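model this:
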Amino acid sequence: MDWLNENQLVDLLNIFSENPFYQAIIIVLSSLLLARLFNNVISKLILKIADKTKTHLDNQIIHISRPTVSNSIILIALGLASKLTFPDESGQFTSTVLYTLALLVWSLFFMRLSRIVLVHSSRNTHNLPLVTSQTLPLFQNLSALIISGLAIYIIFILWNIDMTAWLASAGIVGIAVGFAAKDTLANLFSGVLILADAPYKIGDYVVLDTGERGMVTHIGIRSTRMLTRADVELTIPNSIMGNTKIINESGGPYKKFRIQIRVGVAYGSDIDQVKQILFDVALAETTVCADPPPRVRFRSFGNSSLDLDLLCWVEDPSLRGQVIDILLTTIYKEFNKQNIEIPYTKQDLYIKEFPKEKL
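Presented below is the predicted three-dimensional model:
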């Protein structure tokens, strides 16, 4: 290998012996000594320093680097020794095989390193917000693919294989796959952005601009699933979810959901009495939150009624329909008890005169 200056190494080994066989033995023994020194002394010193840090990430990196460094030192030393002892062609072939094994050892190290870093990042989303527990498999596979591709490229260079034709073929295949999987890739990228931006999460009640309302049950790389109040599961591609208007009823500073009930009473009704009845009905219902407290607002003078709004909160958007049913039933019964009229639309027909009968 060009990066190993063999002439300088041979000049250094000639100080001890000019016999290639003895030089090879010196290289191998030195590598074993260096590998043992790293495992038993250097790595332990670094590990003691890492123990003083708050995170365990550096400890994990040191543990996986110990066999990688020691094994690569020995493999590279065996490659150099084989060049000194074997004939030219066989020595070159043997050393290239050993260098390839050393490269594979480092490739495995970087795969394990990327997996550890990504798992650590998924548990601490402040560092890399794109890496979450849902996107973790995607980034792990992507990093493994990149590392494998680089390793294969370096191995081809190591064995003096021309990469031009391979790269051209890979480019053509990539363009074809990109056109064929356009929709899939759009869903994939939209899924990653949804998981990173988090406009909604699992368990949230959302309303789409097409009118569907339900609870989010799954956020995947390709699609999002939501369960409607009719217990029907909808599967929506992420490319659509990423480009549509979404109302998250569970969003905001807390998950509580406000209910608004419009009530109309006849003109002439005691407005203070009506307000008190509505307020008492909301307070008496156990599923209505005490904080924020219920509110009653006089909204307008309607065509045939005085219009008021009862505003109250429930702990979860899923309780909306149930609580509205309870409150409306209770309000109707209380109004009947207090003789408060709930007007309804009606029309009076006045006949000015009857047509005269023809003689």
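
residues of stretch 158-172 that come out buried?
Buried residues in stretch 158-172, counting neighbours by 16 or more other C-beta atoms under 10 Å, are absent. Bear in mind the C-beta positions are built from the backbone N, C-alpha and C, glycine included.

contact partners of it?
1, 96, 99, 100, 103, 153, 156, 157 (C-beta atoms under 8 Å, 6 or more residues apart in numbering).

OK, contacts around the third one?
Residues touching residue 99, when contacts are defined by C-beta under 8 Å, 6+ apart, comprise 1, 75, 76, 79, 158.

next, it: secondary structure please.
helix (DSSP: H, G, I helix; E, B strand; the rest coil).

from residue 278, how far out is it?
Going from residue 99 to residue 278 by C-beta to C-beta, to the nearest Å gives 83 Å.

tell me how many other residues surround the closest residue to residue 130 other than its chain neighbours.
Using C-beta to C-beta, 6 or more residues apart in numbering and skipping the chain neighbours, the partner closest in space to residue 130 is residue 196 (4.4 Å). The number of residues packed near residue 196 is 15, by other C-beta atoms under 10 Å.

now the strands for the protein?
Ranges of strands in the chain, per DSSP state E, are 205-208, 213-219, 223-228, 233-237, 246-248, 257-265, 295-301, 306-314.

identify the residues contacting the fourth one?
The reference is to strand 233-237. If you take C-beta under 8 Å, 6+ apart as the criterion, strand 233-237 is touched by 183, 187, 190, 208, 212, 214, 217, 222-228.

a markdown table for those residues, including neighbour count?
Compiled in a markdown table, the contacts of strand 233-237 are given as follows (neighbours: other C-beta atoms under 10 Å):
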| residue | neighbour count |
| --- | --- |
| 183 | 11 |
| 187 | 22 |
| 190 | 21 |
| 208 | 17 |
| 212 | 13 |
| 214 | 21 |
| 217 | 13 |
| 222 | 15 |
| 223 | 18 |
| 224 | 25 |
| 225 | 16 |
| 226 | 24 |
| 227 | 15 |
| 228 | 12 |
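
which of those lies closest to residue 355?
Using C-beta to C-beta, residue 212 is the member of the contacts of strand 233-237 that sits closest to residue 355, with 55.3 Å.

OK, contacts around the closest one?
226, 228, 234.

give me the pLDDT for the closest residue to the first one other than its chain neighbours.
With C-beta to C-beta, 6+ apart as the measure, residue 214 is the residue that lies nearest to residue 226, at 4.0 Å, once sequence neighbours are left out. You'll see residue 214 listed with a pLDDT of 93.

residue 214 against residue 228, yeah?
Yes. When contacts are counted by C-beta atoms under 8 Å, residue 214 is listed as touching residue 228 (4.0 Å).

mind checking which of the strands of the chain is nearest residue 65?
Residue 65 sits nearest to strand 213-219 of all these, at 35.4 Å, using C-beta to C-beta.

starting at the chain centroid, how far to the closest one?
In this view, strand 213-219 has its centroid 15 Å away from the chain centroid, taken as C-alpha atoms, centre = their mean, to the nearest Å.

then that strand to CSV, C-alphas only?
The C-alpha trace of strand 213-219 is given here as CSV (Å, rounded to 0.1, in the frame of the first residue of the first chain):
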residue,chain,number,x,y,z
ARG,A,213,-61.6,13.2,12.6
GLY,A,214,-60.0,10.5,14.7
MET,A,215,-57.2,9.5,17.0
VAL,A,216,-53.7,8.9,15.6
THR,A,217,-52.7,5.3,16.3
HIS,A,218,-49.6,4.9,14.2
ILE,A,219,-47.0,7.2,12.6
